[in-house]
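S.K.: Below is the structure, and that's it, no one-letter string:
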């Protein structure tokens, strides 16, 4: 007879609890116990008479046990077990698996693979937290960083949080030169005070807010992946880095107290940059409006189809005079000196080959001019004309 016990991976339901599902296979039938729920910080749950089918809960792992034998006796690791119950079996498993926590025992020792890593959880405790122990997390990122060995590369992993995560006054001369921050929850991170990193790597499912008051710099490089990258109007001083910031939404508020020198700044969905003391970069994608337009008679051009629009507002058009029209975005986003207008192929439904020119202006509009083959201003020269407007930040 084959008996099997499946202990499924722990699932974190909320910030404070995890659930484990247990299945028992006996005589070809499946008997599934109710879920066991534990405190999220208690990843070293002891087996007990009430939880007979749980030995040590190892976070994120799967334990499958198969035994052969009769209904009164079976073997585990070639050891005969009697009486035939899961509680006794769990005792043998426990003897052969060292608990996840550092205070455990057992015949087998897990290799040290966590290194200079500190965990942060909403249910953590800075007083009892231990570096490299997921079962003993810190409650704040600053306490986790302070506990890292400054002579080694350091990592903090944010498991959960109910408040904005604060990282304040980082100094790579007294803290790990290379710091990695991994955020596994949806809370944002705010960098405050003065932050000087050697190498900074951040991977976040949520937003990064830089609200430093003197500087946010990297001695060597900085690599950030996040949902949103924000510099509020309360930030002051200098932001300077070599590296890459990848985000969906970029927001830099108007602020005459901030000086930003960026390297590569990638955004994919939206970008808003107000007037700052200084804002320069080596590479950053422009806002793009790509569409097909047509024009006839004395009517304003019609927008036939919009292929792409990262400006945000919908564009409108106006008829100014013969062969002269504007495309308007209503919010002065076509910055003079940073806007380019391109024209692509045209469906020659009208007579003559159109000659099209454009210019940017300060009224949040791009002006288009069309001419006939004799270079005279003329209407009726665009039919599904491709136009691309791009404005750099």
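M.R.: Perfect, I can see it now. Source: prediction; values computed, not measured.
S.K.: From the contact counts, what lies against the strand ranked longest in the chain?
M.R.: Taking DSSP state E as the criterion, the chain has its longest strand at strand 207-225. Contact partners of strand 207-225 among helices and strands, from 3 or more CB pairs under 8 Å, 6 or more residues apart in numbering; DSSP states H and E: strand 189-204, strand 228-231, strand 237-240, strand 243-252. Where you see a C-beta, it was placed from the backbone N, CA and C, and this is true even at glycine.
S.K.: can you list contacts of the third one?
M.R.: It stands for strand 237-240. 194, 210, 212-218, 231, 257-262 (CB atoms under 8 Å, 6 or more residues apart in numbering).
S.K.: picking up where we left off before, and the angle from the longest strand of the chain to strand 243-252?
M.R.: Put simply, strand 207-225 runs at 160 degrees to strand 243-252, going by axes from the mean of the first three to the mean of the last three CA atoms, to 10 degrees.
S.K.: angle of strand 207-225 against strand 189-204?
M.R.: 40 degrees.
S.K.: Strand 207-225 pairs with which strands, parallel or anti?
M.R.: strand 189-204 (parallel), strand 228-231 (parallel), strand 237-240 (parallel), strand 243-252 (parallel) (DSSP bridges).
S.K.: and those as TSV, adding mean pLDDT and mean neighbour count?
M.R.: Below are the strands paired with strand 207-225 laid out as TSV (pLDDT from 0 to 100; neighbours: other CB atoms under 10 Å):
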stretch	mean pLDDT	mean neighbour count
strand 189-204	96	20
strand 228-231	96	22
strand 237-240	94	18
strand 243-252	94	19
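S.K.: Out of these, which is closest to residue 309?
M.R.: strand 243-252 (15.1 Å; CB to CB).
S.K.: Which element is encountered next along the chain beyond the closest one?
M.R.: Using DSSP states H and E, the next helix or strand after strand 243-252 towards the C-terminus is strand 255-261.
S.K.: so can I have TSV of the helices and strands packed on strand 207-225 showing distance to residue 294?
M.R.: Formatted as TSV, those follow (distance: least, CB to CB, whole Å):
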stretch	distance to residue 294
strand 189-204	45
strand 228-231	37
strand 237-240	45
strand 243-252	33
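S.K.: for these, which one sits closest to residue 126?
M.R.: Closest to residue 126 of the helices and strands packed on strand 207-225, according to CB to CB: strand 189-204, at 17.8 Å.
S.K.: For PyMOL, write the select line for the buried members of the contacts of strand 237-240.
M.R.: In PyMOL, a selection of the buried entries from the contacts of strand 237-240 looks like this (16 or more other CB atoms under 10 Å):
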select buried, resi 194+210+212+213+216+217+218+231+258+259+260+262
